[in-house]
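no sequence on this one, just coordinates:
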């Protein structure tokens, strides 16, 4: 089995929980406040994980170029979550989540353009099915 598959499946499972917990959490709260609170909890949790793993001292070893792209990823992630929680506040979780997963298609296209990753016919077909699935779910 591929070393990435179990963590990817766990990521998907927890992402599904984020949609459900997030939808309930933003009912009576401004979506920006909810996103900020979520980010603080995530940060604290990750610092605790780094402490238990003994890797917190490695923060100072990150090269400058890596810091730049990690920071850019952080800004992109923050914007993604701001819009995600806003969408959850105003829409059904069962419709917001599949549209959000169009990020898979966007990632594949950007990886092809900027990273030179190959897109086989079967991958392209899967990406098209993701788009079709998102369209079908949002119309239902």
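Received the coordinates, thanks. Small disclaimer: the values here were computed from a predicted structure and weren't measured.

what sits against residue 50?
The neighbours of residue 50, taking Cβ atoms under 8 Å, 6 or more residues apart in numbering as the test, are 56, 59. (Each C-beta comes from the backbone N, C-alpha and C, glycine too.)

rerun at 7 Å
Taking Cβ atoms under 7 Å, 6 or more residues apart in numbering, we find residue 50 in contact with residue 56.

so where does it fall, helix or strand?
Residue 50 belongs to helix 31-53 when elements are defined using DSSP states H and E.

Just give me how far that helix sits from the chain centre.
Relative to the chain's own centre, helix 31-53 is displaced by 14 Å; criterion: Cα atoms, centre = their mean, to the nearest Å.

what's the following helix or strand after it?
Using DSSP H and E, the helix or strand that follows helix 31-53 in sequence is helix 64-90.

Identify all contacting residues around the helix or strand that that following helix is followed by.
Sequence order places helix 93-100 as the next helix or strand after helix 64-90, per DSSP H and E. Contacts with helix 93-100, where a contact means Cβ under 7 Å, 6+ apart, come from 19-20, 23, 84, 87-88, 133-134, 137-138.
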